[in-house]
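In: fold the stuff below for me.
(one chain, ligands or ions: 1)
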Amino acid sequence: MSPIISVSNLSKTYGSGFKALKGINLDINRGEIFALLGPNGAGKTTLISIICGIANPSEGRITIGGHDIIGDYRAARSMIGLVPQELHTDAFESVWATVSFSRGLFGKPKNPAHIEKVLRDLSLWDKKDDKIITLSGGMKRRVMIAKALSHEPQILFLDEPTAGVDVELRKGMWEVVRTLQAAGVTIILTTHYIEEAEEMADRIGVINKGEIILIEDKATLMQKLGKKQLTLHLQSKLDAVPPALAAYHLELSDDGRAVTYDYDTKGDRTGITSLLSDLRNAGVRISDLDTRQSSLEDIFVSIVRAP
Ligand SMILES: Nc1ncnc2c1ncn2[C@@H]1O[C@H](COP(=O)(O)OP(=O)(O)OP(=O)(O)O)[C@@H](O)[C@H]1O
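Out: Numbers count the residues shown, from 1 in each chain. So this is what the prediction gives:
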């Protein structure tokens with residue numbers, strides 16, 4: 001199946017001479033939830049802004065549903081809904097007016113049935129006549145999504161959809177996103193909450209210093225890079241890991257009372273059996289142990305930090 005968004009050799013150099021994107025290649029599949037992760041300043045907003053036609057590329061080409069975003073701007077742009085990070089709406093307008101007006105901006109004829117559906121899907125129907133200013137933060141965010149969906153886009157960009165939102169509301173937002181995906185919308189989200197990507201995404205792209213350094217199915221990524229960690233709590237404090245155990249690359253905790261050992265569950269041998277016997281031979285006694293599976297967060301930190 002052809003990708004719904006295709007980005008090839010995209011570069012962006014700002015007027016200051018700063019190269020914010022360096023030869024980005026990225027295909028987004030129809031119907032997927034794609035999470036774009038990256039540290040501050042990595043280029044996420046720049047990339048989204050260019051795809052959405054808000055900023056110009058310096059080099060490269062982007063097509064949306066086959067439409068070139070420059071040569072065929074209107075057709076390309078009308079396929080996209082963008083929910084920006086900042087909430088900006090007219091505080092004194094009603095929800096209904098705000099969302100209907102957005103549709104008009106795309107030159108689409110009025111379609112009250114569609115607006116009603118969007119508001120119902122986002123649990124805003126009973127608020128349709130309320131002024132935006134009277135809504136809670138979570139409702140305002142949902143209004144931003146409703147605005148972005150008002151012109152029936154096939155693609156929705158969510159830039160940090162749950163920044164500063166409490167856990168309860170965040171979960172509500174995840175539900176909304178899943179409902180949209182089930183209705184056939186392709187979703188690209190940026191997030192600093194890695195558990196959000198872990199929870200939601202079908203695929204994950206990591207951008208760092210203007211380059212895509214990884215694109216992978218979430219499940220594959222977690223399986224491929226996921227490590228397990230064994231923590232051994234010691235009966236007595238160690239000042240240093242005994243040299244005889246150097247091969248295990250143990251990490252000693254700051255208080256000297258625990259060592260951690262990283263191992264690969266898919267390897268032929270985990271090395272745990274020999275580690276335990278070598279510890280005993282070195283006179284190190286263990287009082288307790290626990291194991292932990294690395295999270296997407298650990299994986300993310302390790303790839304972004306890698307030279
Ligand atoms: N208008 C501009 N002129 C010059 N440099 C810019 C401009 N806009 C962004 N940059 C720089 O481009 C780089 C990428 O910025 P961008 O906003 O795309 O990052 P981001 O990944 O979205 O970061 P964050 O997670 O902090 O939102 C940063 O170093 C930023 O300082």
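
In: which positions in the chain make contact with the ligand?
Out: Residues of the chain lying close to the ligand (Cβ under 6 Å from any ligand atom) are 14, 16, 18, 20, 38, 40-46. For glycine as for every other residue, the C-beta is placed from the backbone atoms N, C-alpha and C.

In: which of the residues in stretch 93-103 are classified as buried?
Out: Going by neighbour count (16 or more other Cβ atoms under 10 Å), the buried part of stretch 93-103 is 93-96, 98-100, 102-103.

In: chain center to it: distance?
Out: 28 Å (Cα atoms, centre = their mean, to the nearest Å).

In: Leu10 versus Thr46, what's the distance?
Out: 10 Å (Cβ to Cβ, to the nearest Å).

In: should've said Val83
Out: Counting by Cβ to Cβ, the gap from Val83 to Leu10 is 22 Å.

In: who has more neighbours out of these two?
Out: Per other Cβ atoms under 10 Å, whichever of Val83 and Leu10 has more neighbours is Leu10, with 24 against 20.

In: so Val301: helix, strand or coil?
Out: With DSSP: H, G, I helix; E, B strand; the rest coil as the basis, Val301 sits in helix.

In: just give me the neighbour total for it.
Out: Using other Cβ under 10 Å, Val301 has 14 neighbouring residues.

In: go on, Ala201?
Out: By the other Cβ under 10 Å criterion, the neighbourhood of Ala201 contains 23 residues.

In: do Arg120 as well
Out: A count of nearby residues for Arg120, using other Cβ under 10 Å, gives 12.

In: what are the buried residues along the helix or strand bottoming out on mean pLDDT in the chain?
Out: Across the helices and strands of the chain, mean confidence by mean pLDDT, DSSP states H and E is lowest for helix 296-305: a mean of 73. By 16+ other Cβ under 10 Å, the buried positions in helix 296-305 come out as 296, 298-300, 304.

In: residues contacting Val185?
Out: Val185 makes contact with 31, 149, 153-156, according to Cβ atoms under 8 Å, 6 or more residues apart in numbering.

In: next up, phi/psi of it, please.
Out: With angles defined as degrees, to the nearest 10, Val185 shows backbone torsions of phi -80, psi 140.

In: same check on the one 10 residues further on?
Out: The phi/psi pair for Glu195 (degrees, to the nearest 10) reads phi -70, psi -20.

In: please name the bridge partners of Gly81.
Out: On the basis of DSSP bridges, Gly81 is bridged to Leu156.

In: quick one: it and Asp159 touch, right?
Out: No - distance between Gly81 and Asp159: 11.6 Å, which falls outside the contact criterion (Cβ atoms under 8 Å).

In: name the residue in the two with the higher neighbour count.
Out: The neighbour comparison of Gly81 against Asp159 (other Cβ under 10 Å) goes to Gly81, with 26 against 20.
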